[in-house]
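>>> no sequence on this one, just coordinates:
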C-alpha cells in the first residue's frame, strides 16, 4: 500500500494522522470498508484483528460507518461465529446503527444489508425476524433474492424463491431477472434438471433473464447434446420476443440439418425472423443446402432473400442458389442472383465460375 505523509499505517488500514484533512479522514473510512472486504473477512475470518482496527479507529475518534460494521458482521455470519455476531450486534446497537429491540425496522435494515451485498448478515436478520413471526415486506424478500443471486449464492437464492412461492410473495422484475441470470450461469456447470425446470417455469410466468445469459446457457446445453432442453428454451425465448445470440441458433440449426429435420429448420427460422435474429454465413449455407436437398425450393429462396437483407452471404451462398435454380430451369431467377453476386463483388474463382455459367446453357 502506498505511504502518505498525513497517514499512519495500521495493519491493512491507513489511519489519518493529526495533520490530515477532513477529506482524508473520509477517504480513510471508505478505504476501511474496502480493505476489510477484500482482506481478513473473505480469507481468514480473523475477527480479533478486525476488532483491534475498529478500536484503533475509535481511539483516534474516526467515525466508522454502517458499511464497516456490517462488513465484520457479515463475515461473522458467514463463518457462523456466534460470539462475534453478538459482539458486533451490541456495538452496532450502541452506535445506533441497529435498533435496541429488533421488532421494528427489520425491513429497512435487511434491505440496507442487501444493498451492500452483506447477504450473510441479511439472511441472519431475516431468519431472526421469521423466528419471531415478524411480518416482512415483499420488497425485503425481493432484496434478499436479488442480492443472493448477485453474489452467486445459488442454493440460498433458490430456497428464498421457493419460500416466496409458498407464501405467495411477488417482487420486482429486477429481482426475478437477477435470479434467472444466476440460474443460467450456474446451470452451465450443472447437469441436473432442477435449475432447468425452475428456469422454464419462471420464464413461463412472464419473467425474463438477460438474453445473452440465456443464450450462453442454451449454448452449453447444445454442447452437452441436451438438444431437447436447448430446443425448448430457444423456442420459449423466441416466443417471448427475446433476441438470442447467433451461437445457440447456429448449433441447433446445424443439428437439424445433420438429422435432415428441415421442417424444424423452417419453423425455427420463421421465429428468428420475427425478432430479427440471424445465423452466421456458414450455418446459413448449410441450411440452404439442406433445404435444396429436401426439395424445399420456396423455403430456400425465402431464406436466401433474408440472408441478402442481412448482408450475411458469401460466394458459396450464391453458388448454391444459382446451381439449384439452373437445375430447375429457373434461369431468369438464377441470372438475377448471378448479377447480384457480381454487383456485390463476390465472383468465385475461375474454375467455379466457369462451371456456374455452364448451367445457363
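It's in. Note that this is a predicted model, so its numbers are computed, not measured.
>>> if you average pLDDT over the helix or strand harbouring residue 197, what comes out?
With elements taken from DSSP states H and E, the one containing residue 197 is helix 194-204. Summarised as a single mean, pLDDT over helix 194-204 is 91.
>>> which residue ranges form the helices in the stretch 201-350 of the chain?
Along the stretch 201-350 of the chain, counting by DSSP state H, counting those that start in this stretch, helices occupy 211-223, 227-239, 246-258, 262-274, 281-293, 297-310, 315-327, 331-343, 350-357.
>>> Turn the ones you listed into a markdown table, columns for distance to residue 116 and mean neighbour count.
In this view, the C-beta of every residue, glycine as well, is placed from N, C-alpha and C. Below are the helices of the stretch 201-350 of the chain laid out as a markdown table (distance: least, C-beta to C-beta, whole Å; neighbours: other C-beta atoms under 10 Å):
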| stretch | distance to residue 116 | mean neighbour count |
| --- | --- | --- |
| helix 211-223 | 24 | 20 |
| helix 227-239 | 33 | 18 |
| helix 246-258 | 36 | 20 |
| helix 262-274 | 42 | 17 |
| helix 281-293 | 45 | 20 |
| helix 297-310 | 45 | 17 |
| helix 315-327 | 54 | 20 |
| helix 331-343 | 59 | 15 |
| helix 350-357 | 64 | 12 |
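>>> Just tell me which of these ends up closest to residue 151.
helix 211-223 (16.0 Å; C-beta to C-beta).
>>> Low-confidence ranges, this structure, go.
Applying pLDDT under 70 to the chain flags residues 1-46, 51-52, 58, 61-64, 102-104, 187-193.
>>> Could you rerun that using 90?
Within the chain, the segments meeting pLDDT under 90 span 1-69, 71-72, 84, 87-88, 91-106, 132, 185-195, 347-361.
>>> ok, back up a step: please tabulate the helices of the stretch 201-350 of the chain in JSON lines, including the columns distance to residue 170.
Formatted as JSON lines, these follow (distance: least, C-beta to C-beta, whole Å):
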{"stretch": "helix 211-223", "distance to residue 170": "22"}
{"stretch": "helix 227-239", "distance to residue 170": "21"}
{"stretch": "helix 246-258", "distance to residue 170": "30"}
{"stretch": "helix 262-274", "distance to residue 170": "30"}
{"stretch": "helix 281-293", "distance to residue 170": "41"}
{"stretch": "helix 297-310", "distance to residue 170": "40"}
{"stretch": "helix 315-327", "distance to residue 170": "49"}
{"stretch": "helix 331-343", "distance to residue 170": "54"}
{"stretch": "helix 350-357", "distance to residue 170": "61"}
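>>> Quick one, which of those gets closest to residue 65.
Closest among the helices of the stretch 201-350 of the chain, once you apply C-beta to C-beta, is helix 211-223, at 33.4 Å.
>>> Which strands and helices lie in contact with the closest one?
Judged by 3 or more C-beta pairs under 8 Å, 6 or more residues apart in numbering; DSSP states H and E, helix 211-223 is in contact with helix 173-187, helix 227-239, helix 246-258.
>>> Please repeat the previous calculation with a cut-off of 10 Å.
helix 173-187, helix 194-204, helix 227-239, helix 246-258 (3 or more C-beta pairs under 10 Å, 6 or more residues apart in numbering; DSSP states H and E).
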